[in-house]
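S.K.: Here is the input, now give the coordinates:
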Amino acid sequence: MRVIDHLPLRALLVLTALLLPLGLTLALPLAPRAAAAPDAAPVRIMPLGDSITGSPGCWRALLWNRLRDAGHTDIDFVGTLPGQGCGVAYDGDNEGHGGELVTNVADQDLLPARLTATRPDIVVMHFGTNDVWSSIPPDRILAAYTKLVTQMRTANPDTRLLVAQIIPMNPAGCTGCAQRVVDFNARIPGWAAETSTTRSPVTVVDQWTGFDTATDTYDGVHPGDAGNEKIAARWYPALADVLDRGVPGDPGDPGDPGDDATCTASFLAGSTWPGGYQAEVTVRNTSAVALTGWTVTVAPAAGARLTQVWGGTLGTAADGTATVTDAGWNGTLGPGASTSFGFIAGVPATSGAPAATVDCTATATS
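M.R.: Okay, here's the model as predicted:
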């Protein structure tokens, strides 16, 4: 933990006026909470993202001090990067790498070493701005999210994740960025619901609503003082709630709640032709226990019907919803492991691009 000290921040933490559009107020004093026992290990919190988090990411300073003022003194912000100022004493450690794409972090397996070095209990993630700017599709970004969560849970099965619906973006020279942020943010709640487990919950924090790129950023992308205050104010209640609920002291202890078998499924369209298409579904074990079987529900869009499956056993309901169970050889998945099955679907002549809603349920030996 590094605590850095500089000159007072301009208008030090004067949040009330700027937070009124968010429906928040600091008029009443923050209620103190019981101090941690002297020998309790601090809760390790990793701010994870790109330059919005780390360069210098002064919302972290505001958030740190608000948590401390509220009595959350048993915390440690962690990361392999140091703080970069912000004019107020705070724990500046973070994992906000300027210019990084979350898809690159996932593809290049950059996160595991950072997790090993910092051992977070809670991850506060605002990640994907550079991916959206680069026109990377939401499906690919969310697949990267899923891989990072799997790596977090491999390092600590009890990881708590707070994930942002990212702040608006409207930079000069990127006329499509604003709408692409909207489209991506719309997908995050569904992804979080599929990914969250009792043992390792995922909480969505709306950083988009009420954030104005004209007044809250200095370049259409990066937050200024007003934007940093809004970001900190949105993180605070969600993070304080997780801290109040408590995190396990010994990750993976026998008897910890949440040892239920869980899995996620993701759809990827392949080749298409008049009257049909081919697709692949990836099944991933998102629990801390080994799976002994899985079933995926596939609801294809636009009246499509699954006609052939490989890597699984097909059953189809009257409404076209299909169930695909594992093929036996691919039913056993360790924590974080994945497998896939493929299918061919027949579609009406008037259908649009291939799409399907997929959901996974898992079984495990008790």
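S.K.: what comes into contact with stretch 299-317?
M.R.: Identification of contacts with stretch 299-317 by Cβ atoms under 8 Å, 6 or more residues apart in numbering yields 276-277, 296, 298, 320-327, 330, 339-348, 350-352, 354-358. For every residue, glycine as well, the C-beta is placed using N, CA and C.
S.K.: Now list the buried members of the residues you listed.
M.R.: Among these, the ones that count as buried by 16 or more other Cβ atoms under 10 Å are 276-277, 296, 298, 321-326, 330, 339-345, 347, 351, 354, 356, 358.
S.K.: which residues of the stretch 1-150 of the chain fall in helices?
M.R.: Per DSSP state H, counting those that start in this stretch, the stretch 1-150 of the chain has helices spanning 16-19, 51-54, 59-69, 102-107, 111-118, 129-133, 138-155. These are given in chain order.
S.K.: residue ranges with poor pLDDT in the chain?
M.R.: Where the chain drops to pLDDT under 70, the residues are 1-40, 249-259, 317-320, 350-351, 365-366.
S.K.: Secondary structure element holding residue 344?
M.R.: strand 338-346 (DSSP states H and E).
S.K.: Okay, now the sheet partners of that strand, with direction.
M.R.: Here strand 338-346 is paired, per DSSP bridges, with strand 276-285 (antiparallel), strand 305-310 (antiparallel).
S.K.: what angle sits between that strand and helix 138-155?
M.R.: Strand 338-346 and helix 138-155 are oriented at 160 degrees to each other (axes from the mean of the first three to the mean of the last three Cα atoms, to 10 degrees).
S.K.: which other helices and strands contact the very next helix or strand once past strand 338-346?
M.R.: If you walk from strand 338-346 toward the C-terminus, the next helix or strand you reach (DSSP H and E) is strand 356-363. In terms of contacts (3 or more Cβ pairs under 8 Å, 6 or more residues apart in numbering; DSSP states H and E), strand 356-363 is packed against strand 263-273, strand 276-285, strand 293-300.
S.K.: Could you dump those strands into a markdown table and include distance to residue 157?
M.R.: Shown next, in a markdown table, are these (distance: least, Cβ to Cβ, whole Å):
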| stretch | distance to residue 157 |
| --- | --- |
| strand 263-273 | 15 |
| strand 276-285 | 12 |
| strand 293-300 | 19 |
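S.K.: So residue 193 belongs to a helix, correct?
M.R.: Yes. Assessed with DSSP: H, G, I helix; E, B strand; the rest coil, residue 193 lies in a helix.
S.K.: I'd like the numbering to begin with 9 instead of 1 from here.
M.R.: Okay, using 9 as the starting number, the last item reads as residue 201.
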